[in-house]
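Trainee: take a look and give me a structure for this.
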Amino acid sequence: MKIILKIISALGLVLTIIPSLFVFNGTITMQNNYWLMGIGMLLWFGSAPFWMKSKPLEEDN
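Mentor: Predicted coordinates for the structure are as follows:
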């Protein structure tokens, strides 16, 4: 299950970076950029917290 969440998170990160490069090259419009980055944001914030849970720190006594 964690592998699937990591793949979805990576896809979300790709969708937040690559569309900006496409706009810079003139390949896609700014409106498409907004949509793709919005979808990427939702994918990242919707999946990353479930596999990035931190373990509690142990106290040294």
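Trainee: buried ones in the helix or strand that residue 34 is a member of?
Mentor: When elements are assigned from DSSP states H and E, residue 34 belongs to helix 30-51. Of the residues in helix 30-51, 33, 36, 37, 40, 43, 44, 47, 48 count as buried by neighbour count, 16 or more other Cβ atoms under 10 Å. (C-beta placed from N, C-alpha, C; glycine too.)
Trainee: tell me the pLDDT of the second one.
Mentor: Okay, so that is residue 36. pLDDT, residue 36: 96.
Trainee: contacts only, for residue 44.
Mentor: Contact analysis of residue 44 by Cβ atoms under 8 Å, 6 or more residues apart in numbering lists 9, 12, 13, 16.
Trainee: my read: the third one touches residue 37, true?
Mentor: No: contact between residue 13 and residue 37 fails when scored by Cβ atoms under 8 Å: they sit 10.8 Å apart.
Trainee: quick one on the thing from earlier: make JSON lines from the buried residues of helix 30-51 and add distance to residue 2 to it.
Mentor: As requested, the buried residues of helix 30-51 are exported to JSON lines (distance: Cβ to Cβ, whole Å):
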{"residue": "33", "distance to residue 2": "30"}
{"residue": "36", "distance to residue 2": "25"}
{"residue": "37", "distance to residue 2": "25"}
{"residue": "40", "distance to residue 2": "20"}
{"residue": "43", "distance to residue 2": "16"}
{"residue": "44", "distance to residue 2": "15"}
{"residue": "47", "distance to residue 2": "10"}
{"residue": "48", "distance to residue 2": "11"}
